[in-house]
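In: Here is a sequence with its predicted model. Questions after.
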Amino acid sequence: MSIDPSSAKYLIKAKIKVDGAVEKSDVIGAIFGQTEGLIGDDLDLRDLQKSARIGRIEVDMHQKNGKSEGTLSLTSALEKVETAIIAAGIESVDRIGPCKAEITIDKVEDVRISKRKHVVDRAKEILTSMIKEGREEIEDIAEIIRQSVQVEEIEYYGKEHLPAGPNVAKSDAIIVVEGRNDVVNLLKHGIKNAISVEGTSIPKTVVDLCTEKIATAFVDGDRGGDLILKELLQVADIDFVARAPKTREVEELPYKLIMKALKNKIPTEQYMEMHGMERDNSKVNKKKGANENVPSPKLNNRQKGYKKLLSEVNGKHMAVLLDSNGKEMGRVKVDSLIDAISKNKPDAVVFDGITTQRLVDNAFEHGVTKIISTKRGELSKVPSSITIITDDELR
């Protein structure tokens, strides 16, 4: 009876050298014959094999130049001491047939160690697979819930029933995109003030919203995006332009690329100048133009000064720093305005751009009392010590 491999504890490995030509059967016969009675009746190899406490003696021999060399292996289910005795008994064999022989135990390997290593390695693989499958399942559930909420959050704005985020009506700023899927993708990433034009024909609802609010056109980075943007710039008062990366679509962008595109938006005038475009002002700002005949309130001298400075920096992306007497302290690029406020601590700033919450917070920290800008952004908190004036209020 052969030993069950699963019950083996040790593997005896040995090298054989014989001064003569012998066969596998000669080696096995010599081992059985010369160990019989040598290591005790309890460890008789034939009896141990019959009771499946040791395995078959596996021998591999080859002859060369009239001599034989080979290897021997034997599995054992016995304890460590008994296995060592059997190994020593095998090594005591000094003749095989009529030839002088030498058997040297190479090593006695604990097969449980290799099994244990295999178990550990396999357990790692199984655990990794379980964690991955569990994570994918959680992500799938999260995505299902997220998409469900996105669909529930989509509103249909205006008489044209345009797909839009829930904050379009109450936000001071909007993002104009091409289609419903663009709105859905922005909602997926927490942006709730987007509205879709649903084609190249710009709806009146979007035109009116762009007149009332700070509008950013966020379009695809392909030819279709060019067409939508061109039409928007012809009929709507777009303040900023953001583009998806070249050949990419807004509806497929991940969070990082969406945020990067919106962060890198540029003023419309700058975009048009960069691309050699001209704006048809006869079509833009019609709603604002409707009030042109309404008399403007009288401005005091200080306000007239603000108006003059604002007209000087309009379209140049510049800012003017003023002291408490209204005297000019210097001019800087709008991009450097926050640093300039921190360094110079002016009383008022006049600049071509939008008043943001970050600017207000910085201005309050450094004692600015007046901010005069082209437009007012979405502000959550304005200190009572700061007055914000926009271009519309100086007309």
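Out: Cool, the structure landed.
In: so where's the stretch 101-250 of the chain uncertain?
Out: For the stretch 101-250 of the chain, residues meeting the criterion pLDDT under 70 lie at 134, 136-140, 142-152.
In: Show me the strands in it, by range?
Out: Using DSSP state E, counting those that start in this stretch, the strands found in the stretch 101-250 of the chain span residues 155-157, 162-164, 173-177, 194-196, 214-219, 240-243.
In: Give me the contact list for the second one.
Out: For strand 162-164, the external contacting residues (C-beta atoms under 8 Å, 6 or more residues apart in numbering) are 154-157, 179-180, 183-184, 194-198, 203, 205-206. Glycine gets a C-beta too; all of them are placed from N, C-alpha and C.
In: The fourth one too?
Out: Under the contact criterion C-beta under 8 Å, 6+ apart, strand 194-196 has outside partners 157, 162-165, 168, 174-180, 182-183, 186-187, 205-206, 209, 218.
In: Can you check my assumption that Leu72 lies in a helix?
Out: No - if the criterion is DSSP: H, G, I helix; E, B strand; the rest coil, then Leu72 is strand and not within a helix.
In: Can you name the residues bridging to it?
Out: Ala14, Val59 (DSSP bridges).
In: Got the confidence number for it?
Out: On the pLDDT scale, Leu72 is placed at 95.
In: center of the chain - which residue?
Out: A centroid search over the chain (C-alpha atoms, centre = their mean) returns Lys256, at 8.2 Å, as the residue closest to the centre.
In: Assumed that residue was part of a helix.
Out: Yes - Lys256 forms part of a helix when assessed by three-state DSSP.
In: In contact with it: list those residues for me.
Out: With C-beta under 8 Å, 6+ apart, Lys256 has no contacts at all.
In: Identify the spatial nearest neighbour of Phe351, chain neighbours not counted.
Out: Closest residue to Phe351 in three dimensions, ignoring its sequence neighbours and counting by C-beta to C-beta, 6 or more residues apart in numbering: Ala319, at 3.4 Å.
In: helix or strand for the one you found, which one?
Out: Per DSSP states H and E: Ala319 is located in strand 318-322.
In: returning to that earlier point: quick one: the residue nearest to the centre of the chain from Lys107, how far?
Out: 56 Å (C-beta to C-beta, to the nearest Å).
In: likewise Ala77?
Out: With C-beta to C-beta as the criterion, Ala77 and Lys107 are 18 Å apart.
In: Comparing these two, which residue is more hemmed in?
Out: For Ala77 versus Lys107, neighbours defined as other C-beta atoms under 10 Å are more numerous around Ala77 (20 against 10).
In: need the contact list for the residue in the chain sticking out farthest from the centre.
Out: Ranked by distance from the centre of the chain (C-alpha atoms, centre = their mean), the top residue is Pro98, with 75.1 Å. By C-beta under 8 Å, 6+ apart, the contact set of Pro98 is Gly20.
In: one step back: my guess is the residue nearest to Phe351 contacts Asp339. True?
Out: No - using C-beta atoms under 8 Å, Ala319 is not in contact with Asp339, being 10.9 Å away.
In: residue boundaries of the helices in the chain?
Out: 24-35, 45-50, 80-91, 111-153, 180-188, 204-212, 223-235, 255-263, 268-274, 286-289, 301-313, 337-344, 357-365 (DSSP state H).
In: Turn these into TSV, columns for distance to Gly330.
Out: Below are those laid out as TSV (distance: least, C-beta to C-beta, whole Å):
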stretch	distance to Gly330
helix 24-35	100
helix 45-50	100
helix 80-91	89
helix 111-153	46
helix 180-188	39
helix 204-212	34
helix 223-235	33
helix 255-263	27
helix 268-274	22
helix 286-289	32
helix 301-313	12
helix 337-344	7
helix 357-365	16
